[in-house]
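Chemist: here are the coordinates; sequence isn't available:
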């Protein structure tokens, strides 16, 4: 799967505010911390959403574009200090960057 496809799917996963979280990769319906790929996960952070939809070999590439879209730094810091709409906008920028490089 191309990086742009992963980013699109990850963005779709967290597109509603109730499906997005801060402070941990994923949470269940009771807001208990779970792994990103847990079958009980109901909301994800930006990196957790990428983990959920990506295979190991394509995770780093998708994450690379998201890091570029936020100007470098840690995605977890960006996710945890941003509003939901800012995170979605960062995904849009990352998707465009990946598409420009045909990834």
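Modeler: In hand now; what should we look at? As the structure is a computational prediction, the values presented were derived from the model and not from experiment.
Chemist: let me know the pLDDT of the closest residue to residue 51 other than its chain neighbours.
Modeler: Distances taken as C-beta to C-beta, 6 or more residues apart in numbering put residue 36 closest to residue 51, at 3.9 Å, once the chain neighbours are dropped. From N, CA and C alone the C-beta is placed, and that goes for glycine too. With respect to pLDDT, residue 36 has a value of 95.
Chemist: same question, residue 16
Modeler: Value listed for residue 16 in the pLDDT field: 98.
Chemist: distance of it from residue 96?
Modeler: Per C-beta to C-beta, to the nearest Å, residue 16 is found 22 Å from residue 96.
Chemist: and for residue 11?
Modeler: For residue 11, the distance to residue 96 - C-beta to C-beta - is 12 Å.
Chemist: looking at these two, which is more packed in?
Modeler: Taking neighbours as other C-beta atoms under 10 Å, residue 11 and residue 96 compare with residue 11 leading, 22 against 13.
Chemist: that one is in what secondary structure piece?
Modeler: Using DSSP states H and E, residue 11 maps to helix 3-13.
Chemist: low-confidence ranges in this structure?
Modeler: For the chain, applying pLDDT under 70 flags the ranges 57, 103.
Chemist: show me the helices in this structure, by range?
Modeler: 3-13, 46-53, 56-69, 75-80, 84-100 (DSSP state H).
Chemist: how many residues are close by residue 43?
Modeler: Residue 43 has 22 nearby residues by other C-beta under 10 Å.
Chemist: please apply the same query to residue 16.
Modeler: 10.
Chemist: list the residues that contact it.
Modeler: By C-beta atoms under 8 Å, 6 or more residues apart in numbering, no residues touch residue 16.
Chemist: how much space between it and residue 100?
Modeler: 28 Å.
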